[in-house]
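K.L.:
Quick one: sequence plus predicted model below, questions after.
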Amino acid sequence: MSDREHTTGTGRLIAGVAWAVLLLGLWLWGREATDVGHGISGPKTGDMAAVGRPPDVRLPPARSPLGEALPQRLDIPGLGIQAPVVARGLDAQGAVDPPPYDQPGVVGWYAAGAAPGAAGTAVMVGHVDTETRPAVFYKLSALRAGHTVRVVRDDGTVAEFTVDDIQVVTRDRFDAQQAYGPREDGRAELRLITCGGSFDQASRSYTANVIVSAYLTGTVL
């Protein structure tokens, strides 16, 4: 189920037709990932409006992108998250294939896109919960601009990102280009995505997606 084959193109944003296909797959994931078929009853991330970036938050300058290296672990100190990362591809319907539900503590990285820390937008997805318990991104919507996200890479470096935007996007307003496209050209950016809004018992699905945007601001050797 995991896509563990990495070509020389891994770590770069897909261009042209391939990028359009990726956006279509991400759009499908953004709509279908909320159709979990099961979940802890009740709201999980709240029916909250887009958080965005408060005007009084001072953010550090962006660091120049790193070379390509595979992600091994995602750390979010403010949420107490230390999660292994696995490479993922697209499923038979062309949507991004998230980690299996029996691996609720695992984060999936879209391996055909940018590597975290390299130039472009790296995409990571994770579940908000399972049928019986919270999953890795249960508290993702609690992040705020200025919070730190770290990615441990297989070259021995730790890419440090600063959150600059948090959005809770309802399913009928999901826009793949806005969600996954670069915010500023030339930066190394990171997107963290999970289900959000409230859990609809009738449809057995969530009403929105939480989309966290961050950009590379430092490294730890």
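P.N.:
Happy to help now that I have it.
K.L.:
I'd like the distance between the closest residue to Gly108 other than its chain neighbours and Ile193.
P.N.:
Excluding the flanking residues, the one nearest Gly108 by CB to CB, 6 or more residues apart in numbering is Arg88, at 4.0 Å. C-betas here are computed from N, CA, C, even on glycine. Remark: distance between Arg88 and Ile193 (CB to CB, to the nearest Å) = 12 Å.
K.L.:
is it true that Ala62 touches Ala214?
P.N.:
No - using CB atoms under 8 Å, Ala62 makes no contact with Ala214, being 10.6 Å away.
K.L.:
And those two? Which one has more around it.
P.N.:
Shown here are Ala62 and Ala214; by other CB atoms under 10 Å, Ala214 has more neighbours (27 against 18).
K.L.:
Mind listing the residues bridging to the more buried one?
P.N.:
Taking DSSP bridges, one obtains Val163, Leu190 as the residues bridged to Ala214.
K.L.:
Okay, and Gln177 sits in which element?
P.N.:
Assigned by DSSP states H and E, Gln177 belongs to helix 176-180.
K.L.:
Tell me the buried residues in that helix?
P.N.:
Burial within helix 176-180, assessed by neighbour count using 16 or more other CB atoms under 10 Å, is assigned to 176, 179-180.
K.L.:
Take these and lay them out in JSON lines including pLDDT.
P.N.:
As requested, the buried residues of helix 176-180 are exported to JSON lines (pLDDT from 0 to 100):
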{"residue": "Ala176", "pLDDT": "72"}
{"residue": "Ala179", "pLDDT": "71"}
{"residue": "Tyr180", "pLDDT": "75"}
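K.L.:
looking at this protein, which helix or strand does the model trust least?
P.N.:
Sorted by mean pLDDT, DSSP states H and E, the helices and strands of the chain end with helix 16-32, the least confident at a mean of 43.
K.L.:
could I get the buried residues of helix 176-180 as CSV with distance to Ala208?
P.N.:
Output for these, formatted as CSV (distance: CB to CB, whole Å):
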residue, distance to Ala208
Ala176, 15
Ala179, 12
Tyr180, 16
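K.L.:
quick one: which of the residues you listed is nearest Gln167?
P.N.:
Ala179 (7.8 Å; CB to CB).
K.L.:
correct me, but that closest one touches Arg191?
P.N.:
Yes - under the criterion of CB under 8 Å, Ala179 makes contact with Arg191 at 7.0 Å.
K.L.:
Spatially central, which residue of the chain would that be?
P.N.:
What sits nearest the mean C-alpha location of the chain, by CA atoms, centre = their mean, is Leu192, with 2.1 Å.
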